[in-house]
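Engineer: sequence unknown, structure follows:
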């Protein structure tokens, strides 16, 4: 390496290690063997090893004689061929992101729940989870007077069995699907949810089970907020309701509902309310929604 830099040799044969900042002013020609096997950023760095002095630089990128290279490799070579100006580094990064994607979180190869809800809704859910942890840290010293004045100050958590989403098979366009998710999270009333469901049916056809579950879940969330239910766990033998900060605005009204109401339930020693009937069937979910509606009216002093 030192001999080449000192001019004792005219040709340097090297691996791609030279991309890591080798600066030789006299080097003016670079030949990259099998350029289709290199990444876009690598090619950009390698090309930058020549033409660093006053002498015109030349970079030759070779590919197999038969031209059999992948579509992605061809895109990389086309990009590196087009970026022949100073300060093209940002463009390289941008094109590289377009070609490879930028990770499983926001790239094309999303997976799991991120694929279904999109990055914006995921960020919202993450923020809610962080806020929930902060709330739990201060819960020991919090009192009823500290409870929020609006339902938006906290978000109920619901353990809902079954798939909950707008399936790709139902709404194929990703941008449209994410837009509908955003709209769904902004809906405030039961009427708006029903109108949203009717719109989906009108535009895309009958609702699949996942969509029905999603709308049911959103409806339950609205009811839980009004009923001061922070957590709701559903099961075939009943439901468990955990009140926000283990309190209820009108405890006497709650006890009357438990003892005299039409819903079989009991209040446990840990302040959780247990509804003692199936909540997974259509009839059970309907009964649960009626129960949460009654709790919401009691919480509002009605």
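Structural biologist: Structure received. For clarity, every value in this text was computed on a predicted model and none was experimentally measured.

Engineer: residues near residue 221, how many?
Structural biologist: 19 (other Cβ atoms under 10 Å). Placement of C-beta: from N, CA and C, glycine included.

Engineer: May I have the secondary structure class of it?
Structural biologist: Using DSSP: H, G, I helix; E, B strand; the rest coil, the structure places residue 221 in helix.

Engineer: Name the nearest residue to it, ignoring sequence neighbours.
Structural biologist: Nearest residue to residue 221, sequence neighbours excluded (Cβ to Cβ, 6 or more residues apart in numbering): residue 156, at 5.3 Å.

Engineer: Could you check how far residue 25 is from residue 6?
Structural biologist: Applying Cβ to Cβ, to the nearest Å, the value for residue 25 to residue 6 is 12 Å.

Engineer: now do residue 161
Structural biologist: From residue 161 over to residue 6 the distance is 73 Å, taken as Cβ to Cβ.

Engineer: just residue 299 next, same as before
Structural biologist: From residue 299 to residue 6 the distance is 84 Å (Cβ to Cβ).

Engineer: Compare neighbour counts for the two and give me the winner.
Structural biologist: The residue with more neighbours, out of residue 299 and residue 6, is residue 299; 20 against 10, by other Cβ under 10 Å.

Engineer: Is the residue nearest to residue 221 in contact with residue 217, as I believe?
Structural biologist: No - with contact defined as Cβ atoms under 8 Å, residue 156 does not reach residue 217; the gap is 10.1 Å.

Engineer: So these two - more neighbours on which side?
Structural biologist: Taking other Cβ under 10 Å, residue 156 and residue 217 do not tie; residue 156 has more neighbours (22 against 15).

Engineer: measure the more buried one to residue 242 for me?
Structural biologist: 9 Å.

Engineer: Helices of this protein, start to end?
Structural biologist: 2-5, 40-47, 71-82, 89-100, 112-138, 174-186, 190-204, 209-226, 251-260, 282-299 (DSSP state H).

Engineer: Report the rounded mean pLDDT for the fourth one.
Structural biologist: When pLDDT is averaged over helix 89-100, the result is 60.

Engineer: same thing with stretch 206-216?
Structural biologist: On average, stretch 206-216 scores 89.

Engineer: same check, this time on stretch 189-200
Structural biologist: Mean predicted lDDT for stretch 189-200 stands at 89.

Engineer: can you pull the buried residues of that stretch?
Structural biologist: 193, 197, 200 (16 or more other Cβ atoms under 10 Å).

Engineer: who touches both of residue 156 and residue 242?
Structural biologist: 229, 230, 231, 232 (Cβ atoms under 8 Å, 6 or more residues apart in numbering).

Engineer: Beta-bridge partners for the first one, please?
Structural biologist: When assigned by DSSP bridges, residue 229 has beta-bridge partners residue 243.

Engineer: now the one 4 residues further on
Structural biologist: Listed beta-bridge partners, residue 233: residue 159, residue 240 (assigned using DSSP bridges).

Engineer: what's near enough to touch it?
Structural biologist: 158, 159, 239, 240.
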